[in-house]
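S.K.: fold the following for me, if possible:
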Amino acid sequence: MAQVLCQLPEFKDENLIVGLGTSDDAAVYRVSDDKAAILTMDFFPPVVDDPYTFGLIAAANALSDVYAMGGRPVTAMNIVCFPTCLSVDIMSDILRGGADKVIEAGAVLAGGHSIEDDEPKYGLSVMGLVHPDRVLTNTGARPGDVLILTKPLGTGILNTAIKADMLDDAAYTKAVETMAYLNADACEAALETGVVGCTDITGFGFLGHACEMADGSGVTLEVWPEQLPIIEESIELAKMGIIPAGAYNNLAFVEGRVRFEADIGQEIRDIMFDPQTSGGLLISVAFERADALMKLLKDKCRTPFNIVGRVKERSKFSIEVTGKRF
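M.R.: Below is the predicted model:
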């Protein structure tokens with residue numbers, strides 16, 4: 001994708017706060033001195049069989065980009081691809097799930113667009129609002145910062161197991177609840193703590209999005225794998241080789257930019273490359289504010305979270321995966 005985007009003309013506008021240049025989670029455009037619009041869209045094929053649940057997850061995933069930029073979702077529009085061979089009741093259930101998640105986010109569903117396709121796909125185009133001085137970006141990590149991840153990893157592996165009917169009810173419920181949970185609480189906690197560096201963890205996996213943060217900020221992220229929140233069932237599945245194809249694409253994406261210590265298990269490496277659906281926020285917070293943020297997350301957040309590393313001066317690598325040194 002980067003090879004394609006680099007061929008586009010460069011768009012310059014003094015009100016464009018965040019655009020194509022930083023591979024950030026959404027575009028941000030200033031509309032007044034105290035207001036900026038966050039613009040994003042995302043859609044994908046079903047990750048679960050139940051249409052309503054798929055709608056919940058896809059909507060949460062699209063809304064996440066607004067939270068990753070420090071904003072509040074305001075309006076959303078449906079994006080639907082749907083085959084004529086399926087019942088329209090399925091489409092209705094998908095849209096109902098998406099609408100319920102938009103309502104939960106406090107936004108308004110304002111319309112949408114649909115096309116015929118061989119495979120169902122669903123998502124949202126979302127607009128959010130943020131103060132121009134309070135935008136969170138993936139270029140805001142600074143040496144000395146602490147890294148906090150607000151949702152557990154492993155959903156891509158679990159989705160692969162769901163498709164193969166290899167997941168029990170308890171693990172399925174855990175995966176769905178994680179993916180459908182909005183990042184609103186984590187965003188609110190980050191803003192209350194004065195955070196400026198943030199990204200959400202989605203299709204490029206933990207290490208892919210962490211690399212974008214490191215490169216955009218001109219720093220190196222030191223990651224402590226034993227500190228990562230991980231959905232437990234994904235570890236055994238990874239040991240069995242239940243790895244989505246996207247993980248190998250993510251490995252290629254960061255080739256040469258990540259250094260692993262030799263004793264990091266292959267299953268943990270695979271989980272760090274695992275493409276996430278509606279993953280959590282990776283927050284870079286000043287050391288002196290880390291405890292306050294952790295306390296706020298404990299009060300607000302309903303998913304496992306943890307300190308997962310620190311930010312250092314730039315070295316040869318974007319990411320160094322190592323034992324805990326804090």
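
S.K.: for Leu109, which non-adjacent residue is spatially closest?
M.R.: Spatial nearest neighbour of Leu109, excluding adjacent residues (Cβ to Cβ, 6 or more residues apart in numbering): Val102 at 4.9 Å. For glycine as for every other residue, the C-beta is placed from the backbone atoms N, C-alpha and C.

S.K.: what residues does the helix or strand the one you found falls within touch?
M.R.: Using DSSP states H and E, Val102 falls within helix 88-104. For helix 88-104, contacts defined as Cβ atoms under 8 Å, 6 or more residues apart in numbering pick out 50-60, 63, 73, 76, 78, 80, 82, 108-109, 114, 120, 122, 124, 180, 182.

S.K.: go again using 6 Å as the cut-off
M.R.: Contacts to helix 88-104, defined as Cβ atoms under 6 Å, 6 or more residues apart in numbering, come from residues 51-52, 54-56, 59-60, 76, 82, 109, 122.

S.K.: what residues of that helix count as buried?
M.R.: By 16 or more other Cβ atoms under 10 Å, the buried positions in helix 88-104 come out as 90-91, 93-95, 97-102, 104.

S.K.: and these as TSV, adding distance to Ala292 and pLDDT?
M.R.: Shown next, in TSV, are the buried residues of helix 88-104 (distance: Cβ to Cβ, whole Å; pLDDT from 0 to 100):
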residue	distance to Ala292	pLDDT
Ile90	46	97
Met91	45	97
Asp93	42	98
Ile94	40	98
Leu95	40	98
Gly97	35	98
Gly98	34	98
Ala99	36	98
Asp100	33	98
Lys101	29	98
Val102	31	98
Glu104	27	98
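
S.K.: which one of these sits closest to Glu14?
M.R.: Ranked by distance to Glu14 (Cβ to Cβ), the buried residues of helix 88-104 are led by Val102 at 31.8 Å.

S.K.: next, count neighbours for Gly70.
M.R.: Gly70 has 24 neighbours, counted by other Cβ atoms under 10 Å.

S.K.: then Thr40?
M.R.: Neighbour tally, Thr40, other Cβ under 10 Å: 23.

S.K.: rewinding a little: just the contacts of helix 88-104 now: which is nearest Ala190?
M.R.: Ala60 (17.4 Å).

S.K.: all set now, cheers.
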